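Colleague: can't give you the sequence, but here's the structure:
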């Protein structure tokens, strides 16, 4: 044994059991125990790995170039077509709508791609067993990977803040809309991330998990509208299809597209912004107080009362996020330890 | 309480365990295929236990069950007195596992790799840093402290994986083919390291096909054949009458054709 370097040092190592209180320094031990519970080593490792590679830098650069280009072209177009000062003054609102729509589309494209390789990638790399052999609980592993992916999505949002500030400085945008959009973006990204995680824990290969993640994203975005349309068409066979009320309204609010439409249209000065409304057309929920004031989409949730549509959409996305994360942990537990 | 020494006191309460590993009537199936059937054996404290068997005999599955990565269908599995099915988290604190096939997280240095696993075991940062240095020295990778894992040779990666399994100072080490794919020199170094760990008091269970080195490194053996332990015990008893571990292994697992083969099997099993 003497021939093995470091053996003596290792043998001489005497440590306190992880998480066990050191009787000589109880306060420090309590702090260490608290930090150990809050600290997620999986999230830390994932974030470090993501930030070291060139992928995240390239992603943020490409995203900012695309967003900046969209904003510049939009603003130039408004200025060129504006016939008076009032129209130019309203360009801040239009710029905000365009940037927000671009941000949401970016999140929808990026988040499933970030989350899908989380667990399936560990399987492909043959590192999952090593992770499972540690005392980390499945929920902590899943949550760590989810947090790391969401942090990159949050980085995109933060990186685009200066562009949103330009829109804010041009006027026509309130702090409330900005906060609503930030909250909505976070919750919608969580829902997309949760669905991507379900695909990642369920499938062994990264490409399969990625494809299914994007399909789930499309289902979440468009599925509720298709269901609402089908429901309305079936219940009103002899009339033009009009949705947005009753069960159809609730179905539509399930889609994050409806949520972001509600936020952005509320920001426009007369009914709808004109940019995102074509997405939903006459499938939109009732608009209260159209011209002469901001649009307010509302959704009746039966015994839960009438909610603003964006708030209902945030609540639904939150439920989707929590539900899919719970399902991911359950599937992971079942499939990882066979 | 100092570092777990389950030989003197049970790490999570209760009576101290008599054996480091106790397996009783263990069965495990995947679908309709029975991989392990009525497996029973014990490994004493500080022993190096060599597990031999043909490909597909169930060695890897048995080690996965002992590591808490696979749930047994029936039977009792205890490591240091901790029930593998009832207390998997406690079990993982007592066991260090090196699988047959393993990967690495790429943009990481050798030290960061070990530090990551140390944080998974909640080792405080300062102690983790010391443990990383000690372990890299133990496996002879001190010079590769800041080397990217991807740049290491296969032998070095194997040793790094062994260091990873030791990061929480486990009582029992489970090694699945720890020397497969290594050149003779690296193989000899690998088994020398395992002998050193046994001298340090670790209980080591090694599944391997490299029988000469295994025979030299282990004090007791178990022969697994078609999902059952056909023989196990101290090397001095088990190898009596056989020139080598390989001969014993062949006698117990490779039946010859006809009456001669049958007689040879019976003789081997009787021994």
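Modeller: Perfect, I can see it now. These numbers come from a predicted model, not from an experiment.
Colleague: Do you know the pLDDT at residue A:242?
Modeller: For residue A:242, the model assigns a pLDDT of 50.
Colleague: What of residue B:41?
Modeller: Reported pLDDT for residue B:41: 89.
Colleague: can I assume it is in contact with residue B:223?
Modeller: No. Assessed by Cβ atoms under 8 Å, residue B:41 is found out of contact with residue B:223, at 10.1 Å. (Glycine included, C-beta is placed from N, CA and C.)
Colleague: Mind listing the shared neighbours of the two?
Modeller: B:229, B:232 (Cβ atoms under 8 Å, 6 or more residues apart in numbering or on different chains).
Colleague: Which one of these two is surrounded by more residues?
Modeller: Just comparing residue B:41 and residue B:223: by other Cβ atoms under 10 Å in any protein chain shown the higher neighbour count belongs to residue B:223, 25 against 22.
Colleague: I'd like the next helix or strand past the helix or strand that one falls within.
Modeller: Element membership of residue B:223, judged by DSSP states H and E, is strand B:220-225. Next along the chain after strand B:220-225, taking DSSP H and E as the criterion, comes strand B:228-234.
Colleague: Could you give me the buried positions within that following strand?
Modeller: Counting neighbours by 16 or more other Cβ atoms under 10 Å in any protein chain shown, one finds that the buried residues in strand B:228-234 are B:228-232.
Colleague: which among the residues you listed gets closest to chain A?
Modeller: For those, the residue nearest chain A by Cβ to the nearest Cβ is residue B:228; the value is 20.7 Å.
Colleague: That closest one against residue B:35, yeah?
Modeller: No. Residue B:228 is beyond contact range of residue B:35, at 10.6 Å (criterion: Cβ under 8 Å).
Colleague: rewinding a little: what residues sit buried inside the strand holding residue B:223?
Modeller: B:220-225.
Colleague: ok, now stretch B:116-128?
Modeller: Counting neighbours by 16+ other Cβ under 10 Å, the buried set in stretch B:116-128 is B:116-124, B:128.
Colleague: Stretch B:238-245 too?
Modeller: Across stretch B:238-245, burial judged by 16+ other Cβ under 10 Å covers B:238-239, B:242, B:245.
Colleague: And it, end to end?
Modeller: End-to-end distance for stretch B:238-245: 9 Å, by Cα to Cα, to the nearest Å.
Colleague: Okay, now the unreliable bits of chain B?
Modeller: B:1-17, B:254-271 (pLDDT under 70).
Colleague: Residue of chain B closest to chain A, please.
Modeller: For chain B, Cβ to the nearest Cβ, closest residue to chain A: residue B:137, 2.6 Å.
Colleague: does that residue sit in a helix or strand, and which one?
Modeller: Counting by DSSP H and E, residue B:137 is found in helix B:125-138.
Colleague: Can you tell me which helices and strands that helix packs against?
Modeller: Applying 3 or more Cβ pairs under 8 Å, 6 or more residues apart in numbering or on different chains; DSSP states H and E, one finds that helix B:125-138 contacts helix A:7-12, helix B:110-120, helix B:154-165.
Colleague: Comparing those, which comes out most buried?
Modeller: helix B:110-120 (a mean of 24; mean count of other Cβ atoms under 10 Å in any protein chain shown).
Colleague: for that helix, the distance to its chain's centre please.
Modeller: Chain-centre distance of helix B:110-120: 21 Å, with Cα atoms, centre = their mean, to the nearest Å.
Colleague: Could you list the residues in contact with it?
Modeller: Here helix B:110-120 makes contact (Cβ under 8 Å, 6+ apart) with A:39, A:41-42, A:44-45, A:130-131, A:134-136, B:104-105, B:108, B:125, B:128-129, B:131-133, B:135-136, B:141, B:144-147, B:149, B:152, B:160, B:163-164, B:167-168.
Colleague: between it and helix B:154-165, what angle do the directions make?
Modeller: Interaxial angle, helix B:110-120 versus helix B:154-165 (axes from the mean of the first three to the mean of the last three Cα atoms, to 10 degrees): 30 degrees.
Colleague: Wasn't residue A:195 part of a helix?
Modeller: Yes. With DSSP: H, G, I helix; E, B strand; the rest coil as the criterion, residue A:195 is located in a helix.
Colleague: Briefly note if the helix ranked longest in chain A comes near chain B.
Modeller: Across chain A, the longest stretch assigned as helix under DSSP state H is helix A:206-235. No. Using Cβ under 8 Å from any Cβ of the partner chain, we find that helix A:206-235 stays clear of chain B, coming within 13.3 Å at best.
Colleague: how many neighbours does residue A:175 have?
Modeller: 8.
Colleague: for the stretch 51-200 of chain B, what spans make up the strands?
Modeller: Assignment of strands within the stretch 51-200 of chain B using DSSP state E, counting those that start in this stretch yields the ranges B:74-79, B:82-83, B:95-98, B:172-176.
Colleague: before we move on, back to that, go back to the buried residues of strand B:220-225 and keep what's next to chain A.
Modeller: Of the buried residues of strand B:220-225, not one also sits near chain A (Cβ under 8 Å from any Cβ).
Colleague: from those residues, which single one is nearest residue A:112?
Modeller: residue B:224 (44.1 Å; Cβ to Cβ).
Colleague: buried residues in the helix or strand harbouring residue A:62?
Modeller: Per DSSP H and E, residue A:62 falls inside helix A:54-81. By neighbour count with 16+ other Cβ under 10 Å, helix A:54-81 contains the buried residues A:56, A:59-60, A:63, A:67-68, A:70-71, A:74-75, A:78.
Colleague: What of stretch B:87-102?
Modeller: B:87-88, B:90-100, B:102.
Colleague: Are it and chain A in contact anywhere?
Modeller: Yes. Looking at stretch B:87-102 against chain A by Cβ under 8 Å from any Cβ, the contacts come from B:88-90, B:92-93, B:95, B:97, B:99, B:101-102.
Colleague: Tell me which stretches of chain B form helices.
Modeller: Ranges of helices in chain B, per DSSP H, are B:59-66, B:88-94, B:110-120, B:125-138, B:154-165, B:184-199, B:211-217, B:235-238, B:245-253, B:258-270.
Colleague: What is the second one packed up against?
Modeller: In terms of contacts (3+ Cβ pairs under 8 Å, 6+ apart), helix B:88-94 is packed against strand B:82-83.
Colleague: try 10 Å this time
Modeller: The contact analysis (3 or more Cβ pairs under 10 Å, 6 or more residues apart in numbering or on different chains; DSSP states H and E) places helix B:88-94 against strand B:74-79, strand B:82-83.
Colleague: residue nearest the centroid of chain B?
Modeller: residue B:174 (2.3 Å; Cα atoms, centre = their mean).
Colleague: right, and that one touches residue B:97 too?
Modeller: Yes. If you go by Cβ atoms under 10 Å, residue B:174 and residue B:97 touch, sitting 4.8 Å apart.
Colleague: which residues do those two both contact?
Modeller: A:133, B:63-64, B:66-67, B:69, B:165, B:205 (Cβ atoms under 10 Å, 6 or more residues apart in numbering or on different chains).
Colleague: Out of those residues, who's the most crowded?
Modeller: residue B:205 (29 neighbours).
Colleague: ok, residue A:337 - contacts?
Modeller: Taking Cβ under 10 Å, 6+ apart as the contact definition, residue A:337 lies against A:132, A:138, B:64, B:68-71, B:88.
Colleague: All good on my end, thank you.
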